[in-house]
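Peer 1: Here's a sequence, model it:
(4 chains)
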Protein chains: 4
Amino acid sequence: MTKPAYVDQKSALQKRLKRIEGQVRGLERMVDEDEYCINILVQISATTRALQAVAMNLLDDHLSHCVSEALAKGGPSADAKVKEAQEAIRRLVRS
Amino acid sequence: MTKPAYVDQKSALQKRLKRIEGQVRGLERMVDEDEYCINILVQISATTRALQAVAMNLLDDHLSHCVSEALAKGGPSADAKVKEAQEAIRRLVRS
Amino acid sequence: MTKPAYVDQKSALQKRLKRIEGQVRGLERMVDEDEYCINILVQISATTRALQAVAMNLLDDHLSHCVSEALAKGGPSADAKVKEAQEAIRRLVRS
Amino acid sequence: MTKPAYVDQKSALQKRLKRIEGQVRGLERMVDEDEYCINILVQISATTRALQAVAMNLLDDHLSHCVSEALAKGGPSADAKVKEAQEAIRRLVRS
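Peer 2: Okay, here's the model as predicted:
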């Protein structure tokens, strides 16, 4: 099996996701303690931004590695990789 | 202390945040198992959308309760509530 | 007929929309002249941001005037105004 | 000079931008006629979505042509093209 594109930054990625998990648990705690809506909204925005930043990093790695290598090799699998990346970008722009 | 605007849907909100926490843990597992980037990106988009939906719900409640009540009473605190909501919307649109 | 919420900044608003129209015409010119994709994308992002800023301003005015006045008066039309604003915010967050 | 990636759909692109220009002029008319804020916001959302769709199309073409060709050739200009595309995607996700 091929290594994923993010293999070189795997532990950094795991750390970032752990922190995001902590942010979500912080949101739960805020609701438990009847925290003011606006304060919760501020924390949700921060969590969303952190998730989006992880997504952008993954996409960067994906383009620099998987897609680039497939295109360097050429062939129908290269086109498929580009198409797949385009759909991922579309979802990212929309979300 | 006044109850937060989301008091009537507090347990639904807690359930949704628990599910989002589960989604983030799912992301960590995917990275641990060297899952393909694109599959992780799909799950990040789903998680981001779930967070945004919670934010929209909170904002709805906030406008229907806190802001509406402050405006019904009037006075300077009403203006402050509107201003605060406008900033929250701005953050939401941007994130 | 009641004046719209943006009446006090009407000429500023007209000027901003005129400028956005100019930006779109600039995009057309870039395509006519076979300009490089990335340069066009930079200009589209700028135009989108300008449109979003106009939307946020309009929404601010709408909340500070129409919605605030309806809520100060109270009654069923107040609820309708809040609901309508919530839908507008939802569209704005999504777009 | 090389043809831009969108050369095959140039006239379709010009038509879409013309239509967006018309939408912006429609917005100006709405303001001139003191149209209700919410109705203007609906039209701004439609215009923003139309612009984003054009951007996604351009980016698709750019990845399928410019970036793919540069990567098929390889060399430092390939890396530069990927980096440039990543920045364009980042701007698009943010706007």
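Peer 1: how near is the residue sitting nearest the centre point of chain A to B:E84?
Peer 2: With distances taken as C-alpha atoms, centre = their mean, A:A55 lies nearest the centre of chain A, 2.1 Å away. Applying C-beta to C-beta, to the nearest Å, the value for A:A55 to B:E84 is 29 Å. Every residue, glycine included, has its C-beta placed from N, CA and C.
Peer 1: what's the answer for A:R49, then?
Peer 2: Counting by C-beta to C-beta, the gap from A:R49 to B:E84 is 20 Å.
Peer 1: Which residue of those two possesses the greater neighbour count?
Peer 2: Neighbours were tallied for A:R49 and for B:E84 using other C-beta atoms under 10 Å in any protein chain shown; the higher tally belongs to B:E84 (18 against 14).
Peer 1: quick one, phi/psi of the more buried one?
Peer 2: Reported as degrees, to the nearest 10, the phi and psi values for B:E84 are phi -60, psi -40.
Peer 1: Quickly find the element holding the closest residue to it other than its chain neighbours.
Peer 2: Across the structure, with C-beta to C-beta, 6 or more residues apart in numbering or on different chains as the measure, the residue nearest B:E84 apart from its sequence neighbours is A:I38 (5.7 Å). When secondary structure is defined by DSSP states H and E, A:I38 falls within helix A:37-62.
Peer 1: I'd like the distance from the next helix or strand after that helix to the chain centre, please.
Peer 2: Heading C-terminal from helix A:37-62, the first helix or strand you meet, by DSSP H and E, is helix A:68-73. The chain centroid and the centroid of helix A:68-73 are separated by 22 Å, computed with C-alpha atoms, centre = their mean, to the nearest Å.
Peer 1: low pLDDT regions in chain A?
Peer 2: In the predicted model of chain A, residues A:1 satisfy pLDDT under 70.
Peer 1: Go again with 50.
Peer 2: Counting by pLDDT under 50, chain A contains no low-confidence range.
Peer 1: tell me which parts of it are close to chain D?
Peer 2: Where proximity means C-beta under 8 Å from any C-beta of the partner chain, the interface of chain A facing chain D comprises A:52, A:56, A:59-60, A:63-64, A:67-68, A:71-72, A:74, A:78-79, A:82, A:85-86, A:89-90, A:92-93.
Peer 1: let's go with 7 Å and repeat that
Peer 2: Residues of chain A lying close to chain D by C-beta under 7 Å from any C-beta of the partner chain are A:52, A:56, A:59-60, A:63-64, A:68, A:71-72, A:74, A:82, A:85-86, A:89-90, A:92-93.
Peer 1: how close does A:A78 sit to C:V93?
Peer 2: As it turns out, when the distance is counted by C-beta to C-beta, A:A78 lies 36 Å from C:V93.
Peer 1: Kindly report the same for A:V54.
Peer 2: 20 Å.
Peer 1: Of these two, which one has the most company?
Peer 2: A:V54 (24 against 18).
Peer 1: was I right about the more buried one contacting A:Q14?
Peer 2: No. Judged on C-beta atoms under 7 Å, A:V54 makes no contact with A:Q14 at a distance of 10.6 Å.
Peer 1: Can you report how many residues neighbour A:G75?
Peer 2: One way to gauge burial is a neighbour count; for A:G75, by other C-beta under 10 Å, it gives 9.
Peer 1: Relative to chain C, which residue of chain A is the closest?
Peer 2: Closest approach of chain A to chain C (C-beta to the nearest C-beta) occurs at A:R94, with a separation of 8.2 Å.
Peer 1: Roughly how far does that residue sit from A:V31?
Peer 2: Note on A:R94: its distance to A:V31, by C-beta to C-beta, is 27 Å.
Peer 1: which of the two has more neighbours?
Peer 2: Neighbour totals were compared for A:R94 and A:V31, and A:V31 leads with 20 against 14 (other C-beta under 10 Å).
Peer 1: what about that one, helix or strand, and which?
Peer 2: Counting by DSSP H and E, A:V31 is found in helix A:10-32.
Peer 1: now that helix against helix B:37-62, angle please.
Peer 2: Helix A:10-32 and helix B:37-62 meet at an angle of 20 degrees, taking axes from the mean of the first three to the mean of the last three C-alpha atoms, to 10 degrees as the criterion.
Peer 1: Restricting to C-alpha, output helix A:10-32 in CSV.
Peer 2: As requested, C-alpha coordinates have been extracted for helix A:10-32 and formatted as CSV (Å, rounded to 0.1, in the frame of the first residue of the first chain):
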residue,chain,number,x,y,z
LYS,A,10,1.4,12.7,10.4
SER,A,11,2.1,13.5,14.1
ALA,A,12,1.5,17.2,13.6
LEU,A,13,-1.8,16.3,12.0
GLN,A,14,-2.7,14.0,14.9
LYS,A,15,-1.9,16.8,17.4
ARG,A,16,-4.0,19.3,15.5
LEU,A,17,-7.0,16.9,15.4
LYS,A,18,-6.6,16.2,19.1
ARG,A,19,-6.7,19.9,19.8
ILE,A,20,-9.9,20.2,17.7
GLU,A,21,-11.4,17.4,19.7
GLY,A,22,-10.6,19.4,22.8
GLN,A,23,-12.3,22.4,21.3
VAL,A,24,-15.5,20.4,20.6
ARG,A,25,-15.4,19.1,24.2
GLY,A,26,-15.0,22.7,25.3
LEU,A,27,-18.2,23.5,23.4
GLU,A,28,-20.1,20.7,25.2
ARG,A,29,-18.9,22.0,28.5
MET,A,30,-20.1,25.5,27.6
VAL,A,31,-23.6,24.2,26.8
ASP,A,32,-23.6,22.1,30.0
